[in-house]
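> Structure for this input, please:
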Amino acid sequence: NTCFKILRIYIFINTTLMYAFVYFNRTCPSIVSEDMAESYGVKKKKLGIFSSMFFYPYAVMQVFAGLLSDILDPAILVGGAQIIASIGALICGLSGNVAVGCVGRFFVGLGCGPSYVPICKFASIWFSLDYYSYLLGIILAIGGAGGIIAQYPLAAFADKYGWRVAFFGIAGLGFILSVLILIFCRNTPEERGYEPVNKEVENKEQLTV
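Sure thing, here's the model as predicted:
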(Lines give C-alpha, C1' and ligand atoms only; values in the text may rest on other atoms or scores of the structure.)
Protein backbone atom coordinates (compact mmCIF):
# COMPACT_ATOMS: atom_id res chain seq x y z
CA ASN A 1 0.00 0.00 0.00
CA THR A 2 1.58 3.25 -1.17
CA CYS A 3 -0.16 5.41 1.43
CA PHE A 4 1.09 3.15 4.22
CA LYS A 5 4.67 3.26 2.92
CA ILE A 6 4.60 7.04 2.69
CA LEU A 7 3.12 7.33 6.18
CA ARG A 8 5.67 5.11 7.87
CA ILE A 9 8.57 6.85 6.09
CA TYR A 10 7.16 10.17 7.26
CA ILE A 11 6.86 8.85 10.82
CA PHE A 12 10.45 7.61 10.73
CA ILE A 13 11.78 10.91 9.36
CA ASN A 14 9.79 13.03 11.81
CA THR A 15 10.76 11.04 14.88
CA THR A 16 14.40 10.74 13.79
CA LEU A 17 14.62 14.50 13.28
CA MET A 18 13.26 14.87 16.77
CA TYR A 19 16.04 12.67 18.08
CA ALA A 20 18.56 14.88 16.24
CA PHE A 21 16.97 17.75 18.13
CA VAL A 22 17.81 16.00 21.39
CA TYR A 23 21.50 15.97 20.47
CA PHE A 24 21.23 19.58 19.32
CA ASN A 25 19.75 20.67 22.65
CA ARG A 26 22.40 18.73 24.53
CA THR A 27 25.29 20.44 22.74
CA CYS A 28 24.14 23.98 21.97
CA PRO A 29 24.94 25.75 25.31
CA SER A 30 28.67 25.10 24.92
CA ILE A 31 28.64 26.97 21.61
CA VAL A 32 26.97 30.15 22.88
CA SER A 33 28.37 30.08 26.43
CA GLU A 34 30.53 33.19 26.02
CA ASP A 35 27.62 35.30 24.80
CA MET A 36 25.37 33.92 27.55
CA ALA A 37 27.94 34.68 30.23
CA GLU A 38 28.22 38.25 28.96
CA SER A 39 24.44 38.69 28.98
CA TYR A 40 24.12 37.22 32.47
CA GLY A 41 27.03 39.26 33.73
CA VAL A 42 28.94 36.26 35.08
CA LYS A 43 32.17 34.46 34.28
CA LYS A 44 31.98 31.67 31.72
CA LYS A 45 32.93 28.98 34.25
CA LYS A 46 29.80 29.77 36.27
CA LEU A 47 27.69 28.55 33.36
CA GLY A 48 28.76 24.98 34.16
CA ILE A 49 25.70 24.60 36.36
CA PHE A 50 23.51 25.77 33.46
CA SER A 51 24.84 23.04 31.16
CA SER A 52 24.65 20.35 33.85
CA MET A 53 20.98 21.06 34.56
CA PHE A 54 20.17 19.26 31.33
CA PHE A 55 21.68 15.96 32.41
CA TYR A 56 20.06 15.48 35.84
CA PRO A 57 16.44 15.17 34.61
CA TYR A 58 17.65 13.56 31.38
CA ALA A 59 19.35 10.74 33.31
CA VAL A 60 16.39 10.21 35.64
CA MET A 61 13.97 9.98 32.71
CA GLN A 62 16.02 7.17 31.16
CA VAL A 63 14.88 4.94 34.02
CA PHE A 64 11.22 5.51 33.20
CA ALA A 65 11.41 5.86 29.41
CA GLY A 66 10.78 2.17 28.72
CA LEU A 67 7.86 1.95 31.14
CA LEU A 68 6.28 5.12 29.78
CA SER A 69 6.68 3.81 26.22
CA ASP A 70 4.61 0.74 27.16
CA ILE A 71 1.94 2.74 28.97
CA LEU A 72 1.57 5.67 26.58
CA ASP A 73 1.34 6.02 22.84
CA PRO A 74 4.95 6.79 21.79
CA ALA A 75 3.66 9.72 19.73
CA ILE A 76 2.08 11.28 22.80
CA LEU A 77 5.19 10.58 24.87
CA VAL A 78 7.69 12.00 22.38
CA GLY A 79 5.51 14.88 21.21
CA GLY A 80 4.41 15.89 24.70
CA ALA A 81 7.91 15.62 26.15
CA GLN A 82 9.42 17.70 23.37
CA ILE A 83 6.84 20.42 23.92
CA ILE A 84 8.16 20.58 27.48
CA ALA A 85 11.69 20.84 26.06
CA SER A 86 10.55 23.65 23.75
CA ILE A 87 9.08 25.54 26.69
CA GLY A 88 12.40 25.09 28.46
CA ALA A 89 14.31 26.49 25.47
CA LEU A 90 11.94 29.46 25.41
CA ILE A 91 12.59 30.12 29.11
CA CYS A 92 16.33 29.98 28.41
CA GLY A 93 15.95 32.57 25.68
CA LEU A 94 13.92 34.88 27.91
CA SER A 95 16.07 34.40 31.01
CA GLY A 96 17.87 37.38 32.49
CA ASN A 97 20.07 35.48 34.93
CA VAL A 98 21.64 32.08 35.45
CA ALA A 99 18.98 30.90 37.92
CA VAL A 100 16.10 31.36 35.48
CA GLY A 101 18.23 29.91 32.70
CA CYS A 102 18.84 26.79 34.82
CA VAL A 103 15.08 26.36 35.25
CA GLY A 104 14.65 26.44 31.49
CA ARG A 105 17.56 24.07 30.98
CA PHE A 106 16.01 21.65 33.49
CA PHE A 107 12.82 21.50 31.43
CA VAL A 108 14.87 20.94 28.27
CA GLY A 109 16.54 17.92 29.85
CA LEU A 110 13.22 16.66 31.21
CA GLY A 111 11.62 16.82 27.77
CA CYS A 112 14.56 15.30 25.92
CA GLY A 113 14.86 12.36 28.32
CA PRO A 114 12.07 10.05 27.09
CA SER A 115 12.94 10.16 23.38
CA TYR A 116 15.20 7.33 22.23
CA VAL A 117 13.16 4.38 23.53
CA PRO A 118 9.76 5.41 22.06
CA ILE A 119 11.44 6.34 18.77
CA CYS A 120 12.97 2.85 18.63
CA LYS A 121 9.54 1.43 19.39
CA PHE A 122 8.13 3.24 16.36
CA ALA A 123 10.81 1.60 14.21
CA SER A 124 10.03 -1.87 15.60
CA ILE A 125 6.28 -1.53 15.01
CA TRP A 126 6.09 0.26 11.67
CA PHE A 127 8.94 -1.55 9.90
CA SER A 128 9.91 -5.19 9.50
CA LEU A 129 12.20 -6.44 12.24
CA ASP A 130 14.60 -7.54 9.48
CA TYR A 131 15.52 -3.87 9.07
CA TYR A 132 15.46 -2.94 12.75
CA SER A 133 19.23 -2.88 13.28
CA TYR A 134 19.72 -0.73 10.17
CA LEU A 135 17.05 1.71 11.32
CA LEU A 136 18.69 2.04 14.74
CA GLY A 137 21.96 2.87 13.00
CA ILE A 138 20.25 5.58 10.97
CA ILE A 139 18.57 7.00 14.08
CA LEU A 140 21.90 7.25 15.90
CA ALA A 141 23.62 8.74 12.83
CA ILE A 142 20.97 11.44 12.41
CA GLY A 143 21.14 12.11 16.14
CA GLY A 144 24.88 12.65 15.85
CA ALA A 145 24.25 15.00 12.92
CA GLY A 146 22.12 17.09 15.27
CA GLY A 147 25.14 17.49 17.52
CA ILE A 148 27.24 18.55 14.52
CA ILE A 149 24.69 21.17 13.47
CA ALA A 150 24.90 22.56 16.99
CA GLN A 151 28.54 23.44 16.32
CA TYR A 152 29.54 25.87 13.56
CA PRO A 153 26.07 26.45 12.02
CA LEU A 154 24.65 27.42 15.42
CA ALA A 155 27.69 29.56 16.20
CA ALA A 156 27.31 31.41 12.90
CA PHE A 157 23.60 31.94 13.50
CA ALA A 158 24.16 33.17 17.05
CA ASP A 159 26.90 35.57 15.92
CA LYS A 160 24.51 37.15 13.44
CA TYR A 161 21.24 37.16 15.37
CA GLY A 162 22.22 36.59 19.01
CA TRP A 163 22.02 33.59 21.33
CA ARG A 164 18.53 34.46 22.54
CA VAL A 165 17.11 34.33 19.01
CA ALA A 166 18.87 30.99 18.60
CA PHE A 167 17.04 29.62 21.63
CA PHE A 168 13.75 31.05 20.37
CA GLY A 169 14.36 29.28 17.06
CA ILE A 170 15.11 26.03 18.88
CA ALA A 171 11.89 26.38 20.86
CA GLY A 172 9.81 27.15 17.77
CA LEU A 173 11.20 24.37 15.60
CA GLY A 174 10.92 21.85 18.43
CA PHE A 175 7.30 22.83 19.00
CA ILE A 176 6.45 22.44 15.30
CA LEU A 177 8.05 18.98 15.12
CA SER A 178 6.21 17.98 18.30
CA VAL A 179 2.83 19.05 16.96
CA LEU A 180 3.45 17.18 13.70
CA ILE A 181 4.24 14.03 15.67
CA LEU A 182 1.11 14.41 17.79
CA ILE A 183 -1.06 14.89 14.71
CA PHE A 184 0.31 12.34 12.24
CA CYS A 185 2.16 9.67 14.23
CA ARG A 186 0.38 6.82 15.99
CA ASN A 187 1.42 3.84 18.09
CA THR A 188 0.55 1.08 15.62
CA PRO A 189 -0.46 0.72 11.95
CA GLU A 190 -3.78 -0.75 13.14
CA GLU A 191 -4.73 2.63 14.62
CA ARG A 192 -4.46 4.02 11.09
CA GLY A 193 -6.48 1.17 9.61
CA TYR A 194 -3.55 -0.92 8.31
CA GLU A 195 -2.44 -4.48 8.99
CA PRO A 196 0.31 -5.02 11.58
CA VAL A 197 3.79 -5.24 10.06
CA ASN A 198 5.26 -7.78 12.48
CA LYS A 199 2.40 -10.21 13.00
CA GLU A 200 4.59 -12.70 14.85
CA VAL A 201 5.30 -10.10 17.53
CA GLU A 202 1.64 -9.19 17.68
CA ASN A 203 0.68 -12.84 18.23
CA LYS A 204 3.28 -13.32 20.96
CA GLU A 205 2.00 -10.24 22.80
CA GLN A 206 -1.56 -11.56 22.64
CA LEU A 207 -0.46 -14.95 24.01
CA THR A 208 1.41 -13.25 26.83
CA VAL A 209 -1.63 -11.23 27.78
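> which residues touch A65?
For A65, the contact set (C-beta atoms under 8 Å, 6 or more residues apart in numbering) comprises 113-118. Every residue, glycine included, has its C-beta placed from N, CA and C.
> Nearest to I170 among those?
For I170, the nearest member of the contacts of A65 is S115. The distance, counting by C-beta to C-beta, is 15.0 Å.
> Which residue is the nearest non-sequential neighbour of the closest one?
V22 (5.0 Å; C-beta to C-beta, 6 or more residues apart in numbering).
> now I76
L182 (6.9 Å).
> R164 too?
Going by C-beta to C-beta, 6+ apart, R164 has G93 as its nearest residue, at 4.6 Å.
> Surely the one you found touches G162?
No. If you go by C-beta atoms under 8 Å, G93 and G162 don't touch, sitting 9.4 Å apart.
> which intervals of this protein have sub-threshold pLDDT?
200-209 (pLDDT under 70).
> Which of the contacts of A65 sits closest to G80?
Among the contacts of A65, and counting by C-beta to C-beta, the member closest to G80 is P114, at 9.1 Å.
> my guess is the closest one meets S69, correct?
Yes. Counting by C-beta under 8 Å, P114 does reach S69; the two are 7.4 Å apart.
> Looking at these two, which has the bigger crowd around it?
P114 (26 against 21; other C-beta atoms under 10 Å).
> Tell me which helix or strand the more buried one sits in.
Of the helices and strands defined by DSSP states H and E, none includes P114.
> How about it: what's its closest non-neighbour residue?
Nearest non-adjacent residue to P114 (C-beta to C-beta, 6+ apart): A65, at 4.3 Å.
> separation between the one you found and I84?
Computed as C-beta to C-beta, to the nearest Å, the A65 to I84 distance reads 14 Å.
> rewinding a little: tell me, what's touching P114 and S69 both at once?
Shared contacts of P114 and S69, counting by C-beta under 8 Å, 6+ apart, come down to L77.
> Contact partners for the nearest residue to F54 once chain neighbours are set aside?
Nearest non-adjacent residue to F54, counting by C-beta to C-beta, 6+ apart: G109, 3.8 Å away. Residues in contact with G109 (C-beta under 8 Å, 6+ apart) are 53-58, 61, 85, 88.
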